[in-house]
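J.: fold the following and give me the result.
(one chain, ligands or ions: 2)
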Amino acid sequence: MAVAGPVLILLFSGKRKSGKDYVTDLIREKLGADVCCVLRLSAPLKEQYAQERGLDFTELLGAGRYKEQYRADMIQWGERKREQDPGFFCRLAIRDATQPVWIVSDARRASDLQWFWKEFPHQCHCVRVEASEQSRVNRGWEFTAGIDDGESECGLDHGVQFDWMIHNDGDPAVLDEQLKELFSLVCKHITENTNNSTGTAPKT
Ligand SMILES: Nc1ncnc2c1ncn2[C@@H]1O[C@H](COP(=O)(O)OP(=O)(O)O)[C@@H](O)[C@H]1O
Ligand SMILES: C[C@@](O)(CCOP(=O)(O)OP(=O)(O)O)CC(=O)O
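T.: Ligands and ions are numbered 1, 2, ... in the order given. Have a look, this model is predicted:
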C-alpha cells in the first residue's frame, strides 16, 4: 500500500548549541512517534564519513568533543558531495520517513531548503532556533574560525523568510509558550489532511 507523503515538514535551522536537537526532541516527544519523526541531514553524512574514515558513527552523532574534532573535515567532505548533488543527503535523510509530520532538525544551506521546497512545495515551514551567544557558551560552544564564520553555520543567516522563530535561552516557560503555537499549527495541518494521511491525530 502506498504511504501517504508528509502533510507538514518543519525545516529547523540554528547555530551550533542553539538547541536544535533539544527543541526538536521535545516536539517529537509531545506529538508522538506515530505523528512525527526527527530527520537529521547530518546523519547520513556522518554515517558515510565515519565509514570512509573508520570513525565511530555514534560518537559523531553525539553532542561531545569527538564530533567537534572532525567537524571542519566533515563540512568540507559534505560540501564536495553537495557540489555534485545538492539533494544527496536530503534524499537519504527522508528515505525511511513514513509519519505525516517530518521535523528536519539541521538545515544549514540554501540548497537544503531549495530541495525540500522543490520536492514538497506545499508542506514546508522554516523554523529558526535562536539563542544568545552566552547561552550557547554555557552549553559548550566556542567560536571556531573557519566553522562559525562559514556556510555551515551562516548559510541561512540572510535571505530566508522564517515562518517561526524559537527563542531558546533556557527558560522552560518561555519555550513551552512558543511550542504551544507550533503544536497548534501541526494539529491544524493534521486535521485538514486527515483524509489523505494515516489519520493519526497528535496527542497535544
Ligand atoms: N532549553 C534548554 N534547556 C536545557 N538544556 C538545553 C536547552 N537547549 C539546549 N540545551 C542543551 O544544550 C546542549 C546543546 O543543545 P543542542 O540541542 O544539542 O544544540 P544544537 O543541536 O543546536 O547544536 C545540549 O546538551 C542540550 O541538552
Ligand atoms: C558536517 C555537518 O553535517 C556536521 C553537523 O553536525 P551536527 O548536526 O551535530 O551539528 P550541531 O548539532 O549544530 O552541533 C555540518 C555540515 O555543514 O553539513
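J.: quick check: phi and psi at Gly155.
T.: phi -60, psi -20 (degrees, to the nearest 10).
J.: and the residue nearest to it when sequence neighbours are not counted, how many neighbours?
T.: By the measure of CB to CB, 6 or more residues apart in numbering, the closest residue to Gly155 outside its immediate chain neighbours is Arg109, 4.2 Å from it. C-beta: built from backbone N, CA, C; applies to glycine. The burial count assigned to Arg109 is 19, neighbours taken as other CB atoms under 10 Å.
J.: from Glu133, how far out is Arg109?
T.: Using CB to CB, to the nearest Å, one gets 22 Å for the distance from Arg109 to Glu133.
J.: what residues does this structure have near ligand 1?
T.: Contacts of the chain with ligand 1, taken as CB under 6 Å from any ligand atom, map to 14, 16-22, 63, 139, 168, 170, 175.
J.: 8 Å instead?
T.: The chain has residues 14-25, 63, 105-106, 129, 131, 135-136, 139-141, 168-172, 175 near ligand 1, with proximity defined as CB under 8 Å from any ligand atom.
J.: what's the next secondary structure element after the strand or helix carrying Ala72?
T.: Secondary-structure assignment from DSSP states H and E places Ala72 in helix 65-84. Read in the C-terminal direction, the helix or strand following helix 65-84 is helix 88-94, with elements assigned using DSSP H and E.
J.: helix or strand with the lowest mean pLDDT in the protein?
T.: Least confident element among the helices and strands of the chain, by mean pLDDT, DSSP states H and E: helix 172-192 (a mean of 91).
J.: about what we covered before: which among the residues of the chain next to ligand 1 count as buried?
T.: Neighbour counting over those (16 or more other CB atoms under 10 Å) leaves 14-24, 105-106, 129, 131, 135-136, 139, 141, 168, 175 as the buried ones.
J.: ok, which of those also contact ligand 2?
T.: Restricting those to those near ligand 2 by CB under 8 Å from any ligand atom leaves 14-18, 20-21, 105-106.
J.: dump those residues to JSON lines, plus pLDDT and secondary structure.
T.: Formatted as JSON lines, the entries for those read as follows, by pLDDT from 0 to 100; DSSP: H, G, I helix; E, B strand; the rest coil:
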{"residue": "Gly14", "pLDDT": "98", "secondary structure": "strand"}
{"residue": "Lys15", "pLDDT": "98", "secondary structure": "coil"}
{"residue": "Arg16", "pLDDT": "97", "secondary structure": "coil"}
{"residue": "Lys17", "pLDDT": "97", "secondary structure": "coil"}
{"residue": "Ser18", "pLDDT": "98", "secondary structure": "coil"}
{"residue": "Lys20", "pLDDT": "98", "secondary structure": "helix"}
{"residue": "Asp21", "pLDDT": "96", "secondary structure": "helix"}
{"residue": "Ser105", "pLDDT": "98", "secondary structure": "coil"}
{"residue": "Asp106", "pLDDT": "98", "secondary structure": "coil"}
